[in-house]
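A.B. asks: Quick one, what's the 3D model for this:
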Amino acid sequence: MPYRRCAALLILCFFLGGAEAACEPVAVSGPPEWLASAAQEALSAVWQEMSPRYSVEQKAEMLSLVAGRLFEGYEVSSVEVQAGRVHLFLTPKAASDWQVRIVRPQMSQSLLSWFEEDVKGVDSSVLTLLEGVPVEALRWGDRALREEVARLLEERLPGWEPHLLVKAEEKAVSLEVSFSPSPPLVLFVEPRIFSRSLPVFLVSGLREDVIETLSPIVGMPLEWVSLHAGEVEAWAKKSLEEERIISEARGVADVRFKPERLSRLEAEVESSRYTVWVWAAAYAGTDDRYPEVGLHLGRKAQPFSGWDAELYGEWVLEANDADLESRWGLRWSPWLRIWLGYEVAYPGEEGWARLWLEGGVKKPYFWWRRNDDGQDNWGLGYRITEHIAIELHYDERDDDSLSLRALGNL
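C.D. replies: Numbering: from 1, shown residues only. Predicted structure coming up:
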């Protein structure tokens, strides 16, 4: 009967991976689980080297002698042999009084607040691991403690490798936990700043300021920076909105951070007070159009909650004969980046209904207008960078009504 039970147990051990720990020939109790597992692993290795000629009782006696010599700080209080397994019970000779100190790495004060929030309560958790453990036990259990602390910090501090240092003090034993960054690291942050309401020559000057602001995250672990991507975005947003140019225009920044080794930060900055566009355009595929430069100046208001309105003036100068067209209009945005409006163009005092569907960088956009005579003028484009866009241009008034237009924001 005992033979059948043993055979059944071996079959279960073979087929049930989850029961693998229960089928170990050696079990250890007494120390904390992380330390008991290390002791059990060592004794199981000793068990495998023992000759099969020895009985289980003889092996248990030898394991008891080995454990007494191997596991400093502990002694074998009892040994049980049951169903072909050896169960050793270890008790500490003298428990140490532990203190745990978290050593913060060298970093910017801005990042240090994130780190301190991540490690809040970690000292108490590590102290719980050491409760009742003699300091001598770390001579053989240091690797197990390091792995347990690393597992404990895996979600809190991804990308940081913990290092442990034990110091004997007058009334206690101190465990210092320090950290070093693990690759991959953030090597650079590339900001891209775009605005539909402020000229490029103003917002592009903010790029260097953003690089300087976010420079502290260079050299930090990529996994950890990814964990704090939201804080990076809030940090960059605050920095941009505090710039004099943006604050005077009552600008609002929408920031998206993409953490990578070469990280990208995309920011759209829009003024709630003014709109200023300056552009130059060149046409291909038509003899009716010449290069031109344009200027759009607008004053925004919000007469109703969530509805932006703008009074604007536009001036378009053709390069061939310096003909100047001016447009005066009113437009409003009932939803997101959609604008509807009406304008009057001079000379000729011609009225136009207008529609804008605005896009961003690496996104399409569309605009359309129709005059009082029912003639259409529209453009369907794609913004390649903050500075350059390519557009399919249509003007029903021209003989070559369809052409390709390249625009550069100034």
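A.B. asks: Tell me where the stretch 1-150 of the chain is predicted with low confidence.
C.D. replies: Applying pLDDT under 70 to the stretch 1-150 of the chain flags residues 1-24, 51.
A.B. asks: how about the strands in it?
C.D. replies: 26-29, 74-82, 85-92, 98-102 (DSSP state E, counting those that start in this stretch).
A.B. asks: and what of the stretch 251-400 of the chain?
C.D. replies: 251-258, 262-271, 274-284, 292-304, 307-318, 324-335, 338-346, 350-357, 364-371, 376-383, 388-395.
A.B. asks: Tell me how far the fifth one lies from the chain's centre.
C.D. replies: Yep, that's strand 307-318 we're talking about. In this view, strand 307-318 has its centroid 39 Å away from the chain centroid, taken as C-alpha atoms, centre = their mean, to the nearest Å.
A.B. asks: so what's the closest residue to residue 221 other than its chain neighbours up against?
C.D. replies: For residue 221, ignoring the flanking residues on the chain, the nearest one in space by C-beta to C-beta, 6 or more residues apart in numbering is residue 159 at 2.5 Å. C-beta here means a position set from N, CA and C on the backbone, and glycine is covered the same way. When contacts are counted by C-beta atoms under 8 Å, 6 or more residues apart in numbering, residue 159 touches 181-182, 220-225.
A.B. asks: now, which of these lie within strands?
C.D. replies: With strands defined by DSSP state E, the entries of the contacts of residue 159 inside them are residue 181.
A.B. asks: Narrow the contacts of residue 159 to those that are buried.
C.D. replies: For the contacts of residue 159, burial is judged from neighbour counts taken by 16 or more other C-beta atoms under 10 Å, and it is met by 181, 220-225.
A.B. asks: Turn those into JSON lines, columns for distance to residue 142 and pLDDT.
C.D. replies: Below are these laid out as JSON lines (distance: C-beta to C-beta, whole Å; pLDDT from 0 to 100):
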{"residue": "181", "distance to residue 142": "22", "pLDDT": "94"}
{"residue": "220", "distance to residue 142": "28", "pLDDT": "95"}
{"residue": "221", "distance to residue 142": "24", "pLDDT": "96"}
{"residue": "222", "distance to residue 142": "28", "pLDDT": "96"}
{"residue": "223", "distance to residue 142": "25", "pLDDT": "96"}
{"residue": "224", "distance to residue 142": "25", "pLDDT": "96"}
{"residue": "225", "distance to residue 142": "30", "pLDDT": "96"}
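A.B. asks: Would you reformat these as JSON lines and include distance to residue 244?
C.D. replies: Output for those, formatted as JSON lines (distance: C-beta to C-beta, whole Å):
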{"residue": "181", "distance to residue 244": "35"}
{"residue": "220", "distance to residue 244": "29"}
{"residue": "221", "distance to residue 244": "34"}
{"residue": "222", "distance to residue 244": "33"}
{"residue": "223", "distance to residue 244": "36"}
{"residue": "224", "distance to residue 244": "33"}
{"residue": "225", "distance to residue 244": "28"}
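A.B. asks: still on that earlier bit, could you identify the most distant pair in the contacts of residue 159?
C.D. replies: Between all members of the contacts of residue 159, the longest pairwise span (C-beta to C-beta) is found for 182 and 225 and amounts to 12.4 Å.
A.B. asks: Need the pLDDT of the residue nearest to residue 221.
C.D. replies: The per-residue pLDDT reported for residue 159 equals 94.
A.B. asks: circling back to that earlier point, winner for burial among the strands of the stretch 1-150 of the chain?
C.D. replies: Greatest average neighbour count among the strands of the stretch 1-150 of the chain goes to strand 26-29 (a mean of 21), per mean count of other C-beta atoms under 10 Å.
A.B. asks: coming back round to it: now render the strands of the stretch 1-150 of the chain as TSV, adding distance to residue 211.
C.D. replies: Formatted as TSV, the entries for the strands of the stretch 1-150 of the chain read as follows, by distance: least, C-beta to C-beta, whole Å:
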stretch	distance to residue 211
strand 26-29	55
strand 74-82	56
strand 85-92	55
strand 98-102	31
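A.B. asks: just how off-centre is stretch 95-102 within its chain?
C.D. replies: Computed by C-alpha atoms, centre = their mean, the separation of stretch 95-102 from the middle of its chain amounts to 34 Å.
A.B. asks: Now tell me what touches that stretch from outside.
C.D. replies: The contact list for stretch 95-102, computed with C-beta under 8 Å, 6+ apart, reads 119, 122-124, 126-127, 130-135, 169, 171-177.
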